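Visitor: generate coordinates for the sequence data below:
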Amino acid sequence: MTEINETYKEKTSFNKRLVFLYAAFGILGAVFYYQIFNLQISNYSEYEIAARNNKNEEISVQPLRGIIFDRNGEILVNNIPTFDLITKPFFIEDPEDFVLKLSSFLEIDEGDKKVFLSQFERAKALNKELTLKQSISDEDRAKFLVRGHMFENAYVGKRYLRNYLYPEIFSHSIGYVGKPNEEELDEIYELKSLNKKINFTYTNQLIIGKTGLEFTYEDILTGEFGNNLREVDARGRTLGEKISSAPIVGNNLHTSLDLKSHQAAHKALNNRKGAVVAIDIKDGSIVTLFSSPTFPTNQLVNGILQKDFDELLLSEEKPFFNRALKGRYPPASAIKPAIAMYGIEEGLIDWNFSIFDEGFFTLPEDGRIYRDWKEGGHGNTNLFKAITQSSNTYFFDLAYRSDINQLNKHLLSLGFGDKACIDCFEEDKVFVPEPSWKMNKHNFGWFKGDTVNMGVGQGYLVSTPVQLAKYAYIMANKGKFSDLSLKKDLVKSEKSIEFNKFSNDDWFKLHESMINVVEGNTGTARRLREKKNYIVAAKTGTAELVSGDNREQYSETRLDDSLRDHALIIAFGPMPNPRYAISVVVENGESGGSVAGPVAISVLNSLIQE
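Guide: Take a look at the predicted model:
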């Protein structure tokens, strides 16, 4: 009986375990089939998209920048192909050993090694390619191709360099490109909806315009990024890549700049500090915008040693300073035609009004003496003679009788105290002084002597070479003008200065007096007559940096080259129907007629005789 009971208990226990097992397997099976249903039917689309995203990633593709031309179709800036040694950090276990092996047969300098090793870990984490050496030589390229099978994680890839064909002549006007800073980079990613992963077309990777026309017309030149689809495996290794949308090359930029005139300006200035600005009178386009000394844009963009860059940056010559747009210079005697225009318009003088110039002007208020540049003066002097021979005394007298507020407005109408160019990079508009400015700036009232100084372009009055060129352009075109520009065929509205008394006859006589500056036997720029075969109107200037109470003190200051006067000239021609207006400033050049004048004629010759 006992045996029967034991058998029954064992059978019951076995049946319970069997039921438990069936239940457990049933539950597991239900879960299993539910997951299959969930993966293959219910959430199929969602998981399919996720799988595709894991398998493919979108890569932005950098476009080439547009080409820059001069006004005659000469290429000034283009893109040239180069070859870089590019690595795949994701597959490189020991980067130092990797570089060491490559260095055994390739010329890889320490700078390249340091940059590579410092960027290696980040590039590896992002599965990004990393350039080890830019612009490798044909010899190194051949060496690598022979041994390429030993370095599966590196290759020689085609890239491009931004190439400036005339790097020192257009360094200030065209400017240069460079890598964006963090703020600029974030803005690029946001505006262009870029992925963080980019296939770079340029050896310097992402580049943007930093100065000059490269900066001003960045939106035109930069082009549109494309997209590639990159296939990767579970470890993120690249399996293949295909084009989704091709990048669009940037638009070309046709400038109004003239290559030959820049070459002439560069040669004539001969590395002296100064600037040249020339304008096409028919439309107000700038054909010459040259500042000296210059700097090597190709080295700056595509690789310059730190010591060489520091030398440029710390140079007393200040090669990065754009004197054409930012240089502040007293206009000196170049302002006298403008003062003459004001005097006639206000009825203070006419062409027959004359004074006896004995070589100085005495300020009635305090007896202060303002001396003429010519000892003994010019004798009996009317307006025509005052412009031709540049009589200071005549314009001291006229300025003394002028209302400073009205004179200020007149100078503003001629382009002083405001930006002259609508697409120039970081132009300084400077200012035209007047009583409230002096009180705010110097906490001192305006004196009649301040106005007297303005009459000869000295004192507080300063201008930039581009403003002086615009002023010459306005006079050449008899009061009609457009805003200046650097882009060819830019549509602009014409403006004009409204006069009540200054007539066409006055314009004719003003031009004749300025022609006599060069063509007359007593003109201050008569030495220029033989340097051309056309007629030109001009006005020279000598801008004092340090004034003295007498001629002996003035002579002493000239012993220091940095304190010598600046040489200026404004000119336009060929007369009687001028096509070009120009301004030239030569720092510490002293004589406008003999130093700045020949530079102006060299540039005008290149423009008029081409």
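Visitor: how close does the residue lying closest to Phe572 once chain neighbours are set aside sit to Ala571?
Guide: Closest residue to Phe572 apart from its sequence neighbours, by C-beta to C-beta, 6 or more residues apart in numbering: Ala476 at 3.7 Å. For the C-beta atoms, the positions are set from N, CA and C on the backbone; glycine is no exception. Distance, Ala476 to Ala571, by C-beta to C-beta, to the nearest Å: 9 Å.
Visitor: contacts only, for the residue nearest to Phe572.
Guide: Ala476 is in contact with 281, 537, 572, 578, 581, counting by C-beta atoms under 8 Å, 6 or more residues apart in numbering.
Visitor: nearest to Asp94, of these?
Guide: Of all the contacts of Ala476, Asp94 sits closest to Ala581, with 65.9 Å by C-beta to C-beta.
Visitor: for burial, what's the neighbour tally of that closest one?
Guide: Ala581: 28 surrounding residues under other C-beta atoms under 10 Å.
Visitor: now Ser291
Guide: Ser291 has 28 nearby residues by other C-beta under 10 Å.
Visitor: that one contacts Arg323, correct?
Guide: Yes: using C-beta atoms under 8 Å as the test, Ser291 is close enough to Arg323 to be in contact (4.4 Å).
Visitor: got the buried residues for the strand or helix carrying Leu229?
Guide: Per DSSP states H and E: Leu229 is located in strand 226-232. By neighbour count on 16 or more other C-beta atoms under 10 Å, the buried set for strand 226-232 is 226-228, 230, 232.
Visitor: repeat that for stretch 502-518.
Guide: 502, 506-507, 509-518.
Visitor: which residues touch Ala324?
Guide: Neighbours of Ala324 in contact, by C-beta under 8 Å, 6+ apart: 172-173, 275-277, 289-291, 464-466.
Visitor: before we move on, the earlier item: dump the buried residues of strand 226-232 to JSON lines, plus distance to Lys267 and pLDDT.
Guide: Compiled in JSON lines, the buried residues of strand 226-232 are given as follows (distance: C-beta to C-beta, whole Å; pLDDT from 0 to 100):
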{"residue": "Gly226", "distance to Lys267": "43", "pLDDT": "91"}
{"residue": "Asn227", "distance to Lys267": "48", "pLDDT": "88"}
{"residue": "Asn228", "distance to Lys267": "48", "pLDDT": "81"}
{"residue": "Arg230", "distance to Lys267": "52", "pLDDT": "70"}
{"residue": "Val232", "distance to Lys267": "57", "pLDDT": "62"}
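Visitor: and the closest residue to Pro435 other than its chain neighbours, how far is that from Leu407?
Guide: Leaving aside its sequence neighbours, Pro435 sits nearest to Trp446 (C-beta to C-beta, 6+ apart; 3.8 Å). Distance of Trp446 to Leu407, computed by C-beta to C-beta: 12 Å.
Visitor: which residues touch the residue most central in space within the chain?
Guide: Note on the chain: the residue nearest the mean C-alpha position is Gly212, at 1.5 Å, using C-alpha atoms, centre = their mean. Applying C-beta under 8 Å, 6+ apart, one finds that Gly212 lies in contact with 170-176, 425.
Visitor: could you report the neighbour count for Ser583?
Guide: Neighbours around Ser583, by other C-beta under 10 Å: 33.
Visitor: would it count as being in a strand?
Guide: Yes: judged by DSSP: H, G, I helix; E, B strand; the rest coil, Ser583 forms part of a strand.
Visitor: my read: it touches Leu468, true?
Guide: Yes: assessed by C-beta under 8 Å, Ser583 is found in contact with Leu468 at 3.7 Å.
Visitor: identify the contacts common to the two.
Guide: Joint contacts of Ser583 and Leu468 (C-beta under 8 Å, 6+ apart) are 277, 334, 568, 570.
Visitor: just among those, which is most surrounded?
Guide: Result: Val277 is most packed of these (other C-beta under 10 Å), 35 neighbours.
Visitor: quick one: the strands in the stretch 251-400 of the chain?
Guide: 253-254, 274-280, 285-292, 354-357, 360-362, 369-371, 379-382 (DSSP state E, counting those that start in this stretch).
Visitor: cool, and the stretch 501-610 of the chain?
Guide: 537-543, 566-573, 580-586.
Visitor: tell me how many other residues crowd Ser193.
Guide: Residues near Ser193, counting by other C-beta under 10 Å: 8.
Visitor: apologies, that question was intended for Val536.
Guide: 27.
Visitor: for the nearest residue in space to it that is not next to it in sequence, which residues are in contact?
Guide: What sits nearest to Val536 in space, not counting adjacent residues and going by C-beta to C-beta, 6+ apart, is Gly573, at 3.5 Å. The contact partners of Gly573, by C-beta under 8 Å, 6+ apart, come to 534-537, 579-580, 604, 608.
Visitor: same thing but 7 Å
Guide: By C-beta atoms under 7 Å, 6 or more residues apart in numbering, the contact set of Gly573 is 534-537, 580, 604.
Visitor: same check on Ile369?
Guide: 360, 362.
Visitor: which residues does it bridge with?
Guide: Legend: beta-bridge partners of Ile369 under DSSP bridges are Thr362.
Visitor: re earlier: nearest to Glu129 among the buried residues of strand 226-232?
Guide: For the buried residues of strand 226-232, the nearest to Glu129 is Arg230 (11.2 Å; C-beta to C-beta).
Visitor: could you verify my assumption that the closest one touches Ser60?
Guide: No: look at Arg230 against Ser60 with C-beta atoms under 7 Å: they stay out of range, at 11.0 Å.
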